[in-house]
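> Structure for the following, please:
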Amino acid sequence: MDHFRTNRLTAKKLRDDDLADLVALHLDAEVSRYLGGVRSAETTKTYLAANMAHWDQHGFGLWALRTKDGEFAGRAGIRHILVDGIDEIEIAYTFKRDLWGQGLASEIAAALTHIGLSQLALPSLIGLVFVEHGASRRVLQKSNYILEKSTTHHGEDVVIYRIRR
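Numbers count the residues shown, from 1 in each chain. You can find the predicted model right below:
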């Protein structure tokens, strides 16, 4: 499943040639506010390599997102993440700031949830969200994820939403 489409987005498995777009995305302080902070080009290069290795190991991971006109829109995916010592599988999505407020996060969250629960037959998925990130919390709620708990992750206060198959 290295690519898929939604109504307004094309998703393709992350590749080395996505690095420049990811660097620009991660250097935007407003975008990175809920990602643990701005990431340098070198940190993003390491991030890309780790996420490409995730694909090799698990057969799923992060996709680069593009609009219908081919413009880089952001990144999203399904990936393993360690939370409170437990290996969880989360959906994740991040969009360029000029695309916020258009319903793209809800569109991609619905697609990721379908892929994870139906096509990959995973037993459950989580959304891990900074407590104060209201927009992302609403996306998960609209996608039928249920608030499960509050915790800390990398020193940040977060909430975990979950959906089960």
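> Select the longest strand from this protein.
Longest strand of the chain, by residue count under DSSP state E: strand 72-83.
> what does the helix or strand following that one contact?
Later in the chain than strand 72-83, the nearest helix or strand by DSSP states H and E is strand 86-95. Under the contact criterion Cβ atoms under 8 Å, 6 or more residues apart in numbering, strand 86-95 has outside partners 25, 31, 35, 62, 65, 73-82, 104-105, 108-109, 112-113, 116, 122, 124-128, 136, 139, 160. For glycine as for every other residue, the C-beta is placed from the backbone atoms N, C-alpha and C.
> quick one, the longest strand of the chain and strand 86-95 angle?
Following axes from the mean of the first three to the mean of the last three Cα atoms, to 10 degrees, one obtains 160 degrees for the angle between strand 72-83 and strand 86-95.
> partners of strand 72-83, with directions?
Strand 72-83 has the following strand partners under DSSP bridges: strand 62-67 (antiparallel), strand 86-95 (antiparallel).
> Quick check, pLDDT for the residue lying closest to Glu156 once chain neighbours are set aside.
Closest residue to Glu156 apart from its sequence neighbours, by Cβ to Cβ, 6 or more residues apart in numbering: Phe130 at 5.9 Å. Note for Phe130: predicted pLDDT of 91.
> Can you give me the buried ones in the longest strand of the chain?
Residues of strand 72-83 classed as buried: Phe72, Ala73, Gly74, Arg75, Ala76, Gly77, Ile78, Arg79, Val83 (neighbour count, 16 or more other Cβ atoms under 10 Å).
> can you check stretch 6-15 too?
For stretch 6-15, burial by neighbour count (16+ other Cβ under 10 Å) applies to Thr6, Leu9, Thr10, Ala11, Lys13, Leu14.
> ditto for stretch 136-150
Per 16+ other Cβ under 10 Å, stretch 136-150 contains these buried residues: Ser136, Arg137, Val139, Leu140, Ser143, Tyr145.
> again with stretch 65-72
Buried-residue list, stretch 65-72, by 16+ other Cβ under 10 Å: Leu65, Arg66, Phe72.
> For Val23, which three-state class applies?
Classification of Val23 by DSSP: H, G, I helix; E, B strand; the rest coil places it in helix.
> so who does it touch?
Ala41, Thr44, Lys45.
> mind running it again at 7 Å?
Contacts for Val23 (Cβ atoms under 7 Å, 6 or more residues apart in numbering) come out as Ala41, Thr44.
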